[in-house]
Structures are given as C-alpha cells and as structure tokens.
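Trainee: Return a 3D structure for these sequence lines:
(chains A and B)
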Amino acid sequence: MLHLTLESRLRAAVTLVLPDASTANVLVRPAADAKFGDYQSNALMTLAKECKLNPRQLATDVVAKLDVSDICEKVEIAGPGFLNFRLKPDALAGVLAAAARGEHLFFAQATTETLRTVVIDFSSPNVAKPMHVGHIRSTILGDSLARTLRLLGHRVITDNHIGDWGTQFGMLLIGWKTLMERTALDRDPIAELERIYKAVNAACKEAPATLESARAELVKLQSGDAENLAIWHEMIRLSQVQFDAIYGRLGVKFDHTLGESFYNPWLKTLVEELVAKGLARESEGAVAVFSDGTLPPKTDPLRVQNREGEWVDDPLLIQKSDGASNYATTDLATLDYRLKEWQATEIVYVVGAPQQPHFNKLFHVFRRWQPEAAAKVKLLHAWFGSILGDDGKPFKTRSGDTVKLADLLDEAEERALKVVAEKRPDLDAAVQKEIARKVGLGAVKYQDLLSNRQSDYVFSWDKMLALTGNTAVYVQYQFTRANKVVRDSGMERQASLADGQLVLGDPAEFTLAKHLLNFGLTLDAAADDCRPNFLVNYLYELATLYSRFYDQCPVLKAAEPARTMRVVLCDLTARVLRQGLDCLGIEAPEVM
RNA sequence: GCACCCGUAGCUCAGCUGGAUAGAGCAUCUGCCUUCUAAGCAGACGGUCGUGGGUUCGACUCCCGCCGGGUGCACCA
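Mentor: Residues are numbered from 1 along each chain as shown, chains lettered A, B, ... in the order given. The predicted structure follows:
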C-alpha cells in the first residue's frame, strides 16, 4: 500500500527530471534486507543506462525533486544508485489503523477501468475414468487462480471442459453391451467403467475385429443412434456423480461444465468456414490448417524441422480422414464460444506442459481465423509440470498403479486425525474429525501449490501429506493462535480507532506490520503470473513473523498503548491469513 | 534429428522488470514449556547456483557452446 504511494511520487519526480522517460518500470519494492530500509527502488539504475546517464547523478537529481517526508525518513542513495526508503512508524501505524477500522485489507480491488473478464479452463477430467492425482494440479491451481482474481474484483468464469466425447466411447460402448456387470456398476460405477474399458482396449490389440466393432459403435453414437446415446448419457451422469463428490470435498465450484460434446453442433460449419477462408485444406484425406509462410520457420507453430534439417509442415488437424472432428476442432469452437458468449478479455488454460505445442498451434490458428477478436483477448496456457513416480518417470493413466484422488484425500484426513487425536485428546471426536478434515485437505492443496507450477512433481505420500515444516498446518496453527488472542482480548469492533492510538514499539511488531502491507502486492503477482506459490510463500512468511512476534511480545498482559497495537496486529494477521488461505482454497480452523 | 522443460545445501524445493552477503523445509546437532495453545521459538551445521565463454557498474536470472536428465514430434485427448 505505502509502496504504491512511494512509487507514484517517485514516478512524478522522475518525470520532472526526465520528461520523456517512460516510468512504467519505475517500481518500489520491499527492501531485500532490513538494513537497507523498508522499501527500495532499483529503477533509476536501469533508467540511467537507457538514457546513458550517470546513475548516481540521476538518483541525486530525482531525490532532490522527491518529497516523501510525510511517510519516510530522508531517502538514501546507496551503491551504484539504489534508493532506500525508511518508513516513519506513524505512517505505518496509520495504514494499520485504517485496516483495523475495516477500510481495507492491504489490497486494492479492480476498478471499472482495470476490470478483467477471465475465463479459466481447468480440471477437465475424462468421463468414465477415475480422477487420480494427475488431476490435482490443474484443479487446485485453477481454483486458486479463480479465487484470487475474484478477490481482486475481476469477473471470473470457471469452466470445466470435461472429456465427454471421443474415440474411447467406441470401446466403452462395446464393453457396456458385452462385458458390463450390473451389480458391479451399482457398487462402484467408475471402477466398472474402467474395468470394461481396459478389457476392451486389450481385446482390440488382440483381435482387429473388436477394434472394428468399436469403431462401428462410435460411428453409431456420432450419427445419433438412440441406444448408444442413452448409454453415453448414463456414463456421463455416473461420472458427474464422482466429479461432484471430489469437487465437493475440495470445495471447488464451476460456473459451467461445458464438455467437449457441447460443441458438436458447430464443428462442421467451423471446418467449412476455415476451408472457405483458405486457412484449411484437404491433406491425405484429413483436413488441416497449414503454415501461411508469413512467420520465420523457427517461430512458426505449424512448421518443424525434420531429421535432415529441412523445414516441413506440421499442420493442425481439424478433421480426421474418417470425417470426424478432433480436439483441435473442439478447442477452436470452444474458444470462439467463450469470446462470443462471455466477452472474455482473457482465457487461461490450466493444462499440463506436454500440451504446449498444441496450444501454440491453437492460438496461432485462432489469430489467423479471427484477427480482430484475437487482438482483444489474452490467451494464456498456464502450464504445469508432470507428476512423476518414485522412479522419476511420469506415470500415465494406463500404467495401472495411479493413486486415486479419493484415496489420497481419505489418507490425508486419516493421517491428520491421528495427529489431532494426539495433540488435542480433550476435544470431542466430531470436533477432532472436522479439524482433521481441514488440516488434511489443506496439506494436500498446500503441498501442490507450494512449488513453482512449472516444476515437475515427484509424487510421494509422505511429501504430499506432510504435516511439519512449511505446510498448511503451520499456517493454520498460527491463524488459530492469532484468532484466539483476539477473542480473549474482548476488544470491541475497532471502527472508531484513531490513527494515533496505534504505536509501534518492538521490532517484531514493526516487521510483522510491514509484511501485512505486502499482501496486495503478492496477490497481484500471484494472479498476474498464475503462480499461487508466491502467495503460499507470503503466507508462510507472515505466519513465521507472527509466531516470532507472539513469542516475543505478550499481548493481553501488555500495558497500553502496546496492548491495543498488539491486539490489532493479531486481528489483522488473522484476517490476512484467513483471506490468503481462502485464495488457496484452504480452510482456516477456529481451533486446533 | 528437431522443439520444449529441467540441473541451486545430504534430500525436496523457493529465488518477483538483471540488484546489494543465494533462501526455506526435511534430516543431523544444541538450547527454551509454573508465563496469551511447544502443531511453537532461538541457534549450529550445510553451496565452485551442471560446465565453459560472452553481455555490464552488477548474472542463479539474459545470450552462445558443451555435459547430464525428462517430455513431445499428423488423424488419442
């Protein structure tokens, strides 16, 4: 918050010295080290380089025009041209008082000018398959991004683009008709669907005749056969029951679940339009979009170098030689729908890294298809790393020993319950169980959001369900401690708190208070780059700073004015922790 | 062969427009509960940031080469 004030003052001062310079990159950030002060700006060194000026001289000139004496001590110029700002305690206390009065929680919401309409495409499991740990990253990343953007005041539309169409249904239909056991289906629908799918898949490899009949069933489905359509609808319904159960546990909600099949009615005309516009043409019986040659081969998504080093076409197929569409066609139709139906200004696809070439092609082809619309929308593939097995190899759905998501969540809650029972034997069993639920599910989500999304992820039960160190439990625990102090303080709502009533004394208070102010900065960074790990790290740090403060500064026994200051710090810390955890989809227990 | 990703402490990983002495957790070791919840706090140990060059006031970060690992490369999604 204060850094934004410093930033705008600094920009104004820069403009006075260098009227033509762009100040977009003039930023004020929290200081890297407390000994340099509270905030710093490195921008003048960059600016001096661009303008071929002496950086120290530029810094001196800018500081001469800079008036921040209401919030800072004298601005220092250090090293080759760093600006170091040291806050006046009263300025910091003033921001805290405003937050305590409920005027803000250290972040700013979007205005009508900055409002974005963001469609987030995430989770997207396949019908008739169990959700496994491979789905967790997309689901949790996407949900966190949606929650964060919503908190920042943007219009967010979440869409679960489930896999409810495609060649696997040929095999599923055969299996349903010839192998399916009704009692098994009633007991565990997804397991039975998975079983028949695997059986038919194996049979197809043995006998070409089975493969043929699977194709025939698929054609019947696609041409509207009533029996096959009914079975297909039933498989989707059974899957949706499973999805809803998992999403319910995870607290994940979607505004829409428009699966691949939803776009079927538009696919044929879409292909025709692309052909008519000259973008797509027939090739080896299929229809594909080829490079138009306007880009250098190296940056052209539709060209690739072959073994001999020659550049050859690597087109985007939009219709198979049997006349059926594929996922490129569906994805183009989906993109078109989202722009027309929802007026999206951004579409974020939270999909794994291996699909980068696909999205490169998809976005490229869309730009050629609808240049005007494409110019107005930001398309982002927020990719993430693979989940690896203990052997370091990515595991795939068919390898057989994938960990089912439901089992993972069960195990998380069970492990957490053991710890809760040990730490808090005084609580009722039902209360213990509820804490264990929040702690266990929190552990899973936190672990997944903790590292950079682009890193590969080595799956291990112990790692995923860790309850010590930098984990959700730690943050949740600090929240309950802060919350408890506020409850016990008996302090009324602080609506009438005056700025002057807050006096910062102890260094632990000062450090904690400064960190609270960085909440908004962190939310913005996490949302803009789709990196919830920034927020996770921020919350962990806030929790550690609170824990130190709690250890060093008695709150309820302190004399005024320290007592009020400290209760306010506890209250604000608890509020920021709760709000931050909420952005991660993690619940904050009142008691632990 | 080509493209993309990765290589940071014993292990798992952070590292924000290039910025000041590269940070956490786990593990190991040492202290701290008659004091608001010890699911806690304080401290120690631990690094040629794969490697060799380049760019510059400054490189884990940008560029080039090399080594090592992973993934993908037209009708599955």
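
Trainee: pLDDT weak spots in chain A?
Mentor: Applying pLDDT under 70 to chain A flags residues A:390-401, A:493.

Trainee: Which of the helices or strands spans the residue in it positioned nearest to RNA strand B?
Mentor: Residue nearest to RNA strand B within chain A (CB to the nearest atom of the strand): residue A:469, separated by 2.3 Å. To be clear about C-beta, it is placed using only N, CA and C from the backbone, and glycine gets the same treatment. Using DSSP states H and E, residue A:469 sits within no helix or strand.

Trainee: Any idea how many residues pack against it?
Mentor: Neighbours of residue A:469 under the rule other CB atoms under 10 Å: 8.

Trainee: Residue A:107 too?
Mentor: The tally of other residues near residue A:107 (other CB under 10 Å) stands at 19.

Trainee: got a list of what it touches?
Mentor: Contacts for residue A:107 (CB atoms under 8 Å, 6 or more residues apart in numbering) come out as A:151-152, A:519-520, A:523-524.

Trainee: Can you select the buried ones among those residues for me in ChimeraX?
Mentor: Entered in ChimeraX, the line below selects the buried ones among the contacts of residue A:107, by 16 or more other CB atoms under 10 Å:
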select /A:151,152,519,520,523
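
Trainee: Tabulate the contacts of residue A:107 (TSV), appending secondary structure.
Mentor: Putting these into TSV (DSSP: H, G, I helix; E, B strand; the rest coil) gives the following:
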residue	secondary structure
A:151	helix
A:152	coil
A:519	helix
A:520	helix
A:523	helix
A:524	helix
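
Trainee: Distance to residue A:128 for the contacts of residue A:107 - can I get that in a markdown table?
Mentor: What follows is the contacts of residue A:107, written out as a markdown table (distance: CB to CB, whole Å):
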| residue | distance to residue A:128 |
| --- | --- |
| A:151 | 36 |
| A:152 | 37 |
| A:519 | 43 |
| A:520 | 44 |
| A:523 | 38 |
| A:524 | 40 |
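
Trainee: Give me the secondary structure label for the residue lying farthest from the centre of chain A.
Mentor: Within chain A, residue A:209 marks the point farthest from the mean C-alpha position, 45.2 Å out by CA atoms, centre = their mean. Classification of residue A:209 by three-state DSSP places it in helix.

Trainee: Quick one: name the residues of the stretch 401-550 of chain A near RNA strand B.
Mentor: A:416, A:419-420, A:423-424, A:435, A:439, A:450-452, A:454-458, A:463, A:466-470, A:473-474, A:477, A:480-481, A:484-485, A:488, A:525, A:531, A:533-534, A:537, A:540, A:544, A:547-548, A:550 (CB under 7 Å from any atom of the strand).

Trainee: Now, the residues you listed that are in strands?
Mentor: A:457-458 (DSSP state E).

Trainee: Any chance of a PyMOL selection covering the buried ones in the residues of the stretch 401-550 of chain A next to RNA strand B?
Mentor: The command below creates a PyMOL selection of those among these that count as buried (16+ other CB under 10 Å):
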select buried, chain A and resi 416+419+420+435+439+450+457+466+467+470+473+474+477+480+481+485+531+533+534+537+540+544+547+550
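
Trainee: Give me the distance between the residue of chain A closest to RNA strand B and residue A:105.
Mentor: 27 Å (CB to CB, to the nearest Å).

Trainee: isn't residue A:129 right up against residue A:194?
Mentor: Yes. Using CB atoms under 8 Å, residue A:129 makes contact with residue A:194 at a distance of 6.2 Å.

Trainee: ranges for the strands of the stretch 251-400 of chain A?
Mentor: A:280-283, A:286-289, A:303-305, A:311-313, A:316-319, A:346-349, A:378-381, A:387-388 (DSSP state E, counting those that start in this stretch).

Trainee: check whether the second one contacts RNA strand B.
Mentor: Meaning strand A:286-289. Yes. Against RNA strand B, strand A:286-289 shows contacts by CB under 7 Å from any atom of the strand at A:286, A:288.

Trainee: now could you export just the CA positions of that strand as PDB?
Mentor: C-alpha atoms of strand A:286-289 as PDB (Å, rounded to 0.1, in the frame of the first residue of the first chain):
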ATOM      1  CA  ALA A 286      -7.900 -35.300 -43.500                       C
ATOM      2  CA  VAL A 287      -8.400 -31.500 -43.200                       C
ATOM      3  CA  ALA A 288      -5.700 -29.400 -41.700                       C
ATOM      4  CA  VAL A 289      -4.500 -25.900 -41.300                       C
END
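
Trainee: neighbouring strands for that strand, and are they parallel or not?
Mentor: Note on strand A:286-289: by DSSP bridges, its sheet partners are strand A:280-283 (antiparallel), strand A:316-319 (antiparallel).

Trainee: Show me which residues of the first one are buried.
Mentor: For strand A:280-283, the neighbour count (16+ other CB under 10 Å) marks residue A:280 as buried.

Trainee: Pull that strand out as PDB, backbone CA atoms only.
Mentor: Taking C-alpha atoms only, strand A:280-283 is exported to PDB below (Å, rounded to 0.1, in the frame of the first residue of the first chain):
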ATOM      1  CA  ALA A 280      -7.500 -25.200 -44.100                       C
ATOM      2  CA  ARG A 281      -7.300 -27.700 -46.800                       C
ATOM      3  CA  GLU A 282      -7.600 -31.400 -47.500                       C
ATOM      4  CA  SER A 283      -4.500 -33.500 -47.000                       C
END
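
Trainee: residues near the nearest residue to residue A:356 once chain neighbours are set aside, how many?
Mentor: Take residue A:356 and drop its neighbours on the chain: the residue closest to it by CB to CB, 6 or more residues apart in numbering is residue A:383, 5.9 Å away. Using other CB under 10 Å, residue A:383 has 18 neighbouring residues.

Trainee: how near is residue A:18 to residue A:454?
Mentor: Counting by CB to CB, the gap from residue A:18 to residue A:454 is 37 Å.

Trainee: same deal with residue A:49?
Mentor: Applying CB to CB to residue A:49 and residue A:454 gives a distance of 30 Å.

Trainee: For residue A:82, what are phi and psi?
Mentor: Dihedral angles of residue A:82 (phi, psi; degrees, to the nearest 10) stand at phi -70, psi 140.

Trainee: Could you report the neighbour count for it?
Mentor: By other CB under 10 Å, neighbour count at residue A:82 equals 20.

Trainee: cool, residue A:545 as well?
Mentor: Going by other CB under 10 Å, the residues that sit close to residue A:545 add up to 20.

Trainee: And for residue A:526?
Mentor: 26.

Trainee: Likewise for residue A:343?
Mentor: 13.

Trainee: Contact partners for it?
Mentor: For residue A:343, the contact set (CB under 8 Å, 6+ apart) comprises residue A:117.

Trainee: do the same with residue A:325
Mentor: So residue A:325 contacts A:264, A:267-268, A:271, A:318-319 (CB under 8 Å, 6+ apart).

Trainee: okay if I get these as a markdown table plus neighbour count and distance to residue A:87?
Mentor: Output for the contacts of residue A:325, formatted as a markdown table (neighbours: other CB atoms under 10 Å; distance: CB to CB, whole Å):
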| residue | neighbour count | distance to residue A:87 |
| --- | --- | --- |
| A:264 | 14 | 60 |
| A:267 | 19 | 59 |
| A:268 | 13 | 64 |
| A:271 | 19 | 61 |
| A:318 | 26 | 58 |
| A:319 | 24 | 63 |
